[in-house]
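Student: Return a 3D structure for these sequence lines:
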Amino acid sequence: MAKFLRLALLLVCILCTGCETMEGNIDFAKSQDSQVINQGIGASEQKPLRIAFASVISPIETRKSYQAMVRYISQQMGRPAVLIQRKTYEELNMLLGAGEADIAFISTGAYTSYNGMIPLELLAMVQTDDTVVYQAYIIVRADSYINSVRQLRNKTFAFTDPLSYSGRLAIDYMLWDDFGTTSAQFFHKCFYTYNHDKSIWAVTNKLADGAGIDSQIYYFAKKTDPDIDKKIRIIHIMPPTPTGPVVMRQDLPQEDKEKLKTIFLHMDENPNLTEALHQAIIDKFVEPIPDAYDELKRKYQQKERLPGV
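Tutor: Below is the predicted model:
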């Protein structure tokens, strides 16, 4: 028993950090910035296009998918491209705000909370299962007695990322609207996993009583693990919200913007990218809806003014 408890404690230390800290578990900063993909005649003479992302599921497998997409973008643009990976959404926002990325695959929460010095422009939205919206799910173990959010009071909860909409912000908004309280006050303890699949793992392995996850991740997990409903159970479903967009620097040359839009909107037509898109939980990229995120931006600004959130 003592050996098991030591192992569980070690797993918690490796997997998680406290609700109010931004420290991470995997450092991508040094090893992930250096790979420049060169394609096209004279590509090596041009400044690389800097494309950034932060993974929502297993970083290594996700990176392979984005490498394939970046390689295709480089080929179509006829210029080199560099793939930059960050662990947290805040780090991704900081990268964009410092002007150190030209394009980013960004989460809904990260985009609606962005307030960097470099203005961003929507390039595309992600469509999955014929829709550009998803939902935040609150899950518990399948054998748990917990059947409602109220029963999670004073329990241990797994968040995904401080700026994840389904993995943190939606829960903050719901707790304030429905219970007049904050996550820090409502839960006994909470921690960050920095991947939705790790949040599922944390619940199934009894490290957390509940977790907030992305509905698209849940259904993707069901495809890879048909027995997942025997391990976890959904107890609360939030209203639909727009998927995370692809953004670009507003000051990119107009010609580049038009080329990039064409590349993204037709990417799904390339059979060589089918598997990469599937692994990134993307069916295709579609035209962005300009005001789709306005309400969430207002909610985030209101949240920032709440005490203790």
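Student: so how far does stretch 234-254 reach from one end to the other?
Tutor: 45 Å (CA to CA, to the nearest Å).
Student: Now Thr112: closest residue in space, sequence neighbours ignored.
Tutor: In this structure, Thr112 finds its nearest non-sequential neighbour in Leu296, 4.1 Å apart by CB to CB, 6 or more residues apart in numbering. Quick note: C-beta positions are derived from backbone N, CA and C, even for glycine.
Student: tally of neighbours for that neighbour?
Tutor: 20 (other CB atoms under 10 Å).
Student: what kind of secondary structure is it in?
Tutor: Put simply, Leu296 is helix when judged by DSSP: H, G, I helix; E, B strand; the rest coil.
Student: Just list the residues touching it, thanks.
Tutor: 108-109, 112, 165, 241-242 (CB atoms under 8 Å, 6 or more residues apart in numbering).
Student: same check, this time on Ile139
Tutor: Under the criterion of CB under 8 Å, 6+ apart, the contact partners of Ile139 comprise 199-200, 203, 210-213, 218, 232-235.
Student: can you pick the most crowded of those?
Tutor: Within these, Ser199 tops the neighbour count with 32 neighbours, counted by other CB under 10 Å.
Student: Next secondary structure after whatever helix or strand that residue lives in?
Tutor: With secondary structure defined by DSSP states H and E, Ser199 is part of helix 196-204. Moving toward the C-terminus from helix 196-204, the next helix or strand (DSSP H and E) is strand 210-214.
Student: Quick one: mean pLDDT for that following strand?
Tutor: Per-region confidence: strand 210-214 scores 97 on mean pLDDT.
Student: Direction included, what does it pair up with?
Tutor: In the sheet containing strand 210-214, its partner strands are strand 136-141 (antiparallel), strand 156-159 (parallel), by DSSP bridges.
Student: just how off-centre is the longest one within its chain?
Tutor: For strand 136-141, the gap between its own C-alpha mean and the chain's C-alpha mean amounts to 17 Å (CA atoms, centre = their mean, to the nearest Å).
Student: what's the answer for the shortest one, then?
Tutor: Strand 156-159 has its average C-alpha position 17 Å from the chain's average C-alpha position, going by CA atoms, centre = their mean.
Student: what's downstream of it, the next helix or strand?
Tutor: Counting by DSSP H and E, the element after strand 156-159 in chain order, helix or strand, is helix 170-179.
Student: got the angle between that following helix and strand 136-141?
Tutor: Taking axes from the mean of the first three to the mean of the last three CA atoms, to 10 degrees, one finds that helix 170-179 is oriented at 90 degrees with respect to strand 136-141.
Student: what about the helix or strand that helix 170-179 is followed by, average pLDDT?
Tutor: Next in sequence after helix 170-179, counting helices and strands by DSSP H and E, comes helix 183-186. For helix 183-186, the mean per-residue pLDDT is 95.
Student: And stretch 54-67, by the same measure?
Tutor: 80.
Student: What are the buried residues along that stretch?
Tutor: Within stretch 54-67, the residues scored as buried using 16 or more other CB atoms under 10 Å are 54-57, 59, 62-63, 65-66.
Student: Same question for stretch 69-78.
Tutor: 69-77.
Student: Poorly predicted segments of the stretch 51-200 of the chain, please.
Tutor: 58-61 (pLDDT under 70).
Student: Would you mind listing the residues in contact with the closest residue to Val149 other than its chain neighbours?
Tutor: By the measure of CB to CB, 6+ apart, the closest residue to Val149 outside its immediate chain neighbours is His236, 5.2 Å from it. Under the criterion of CB under 8 Å, 6+ apart, the neighbours of His236 are 137-138, 148-149, 174.
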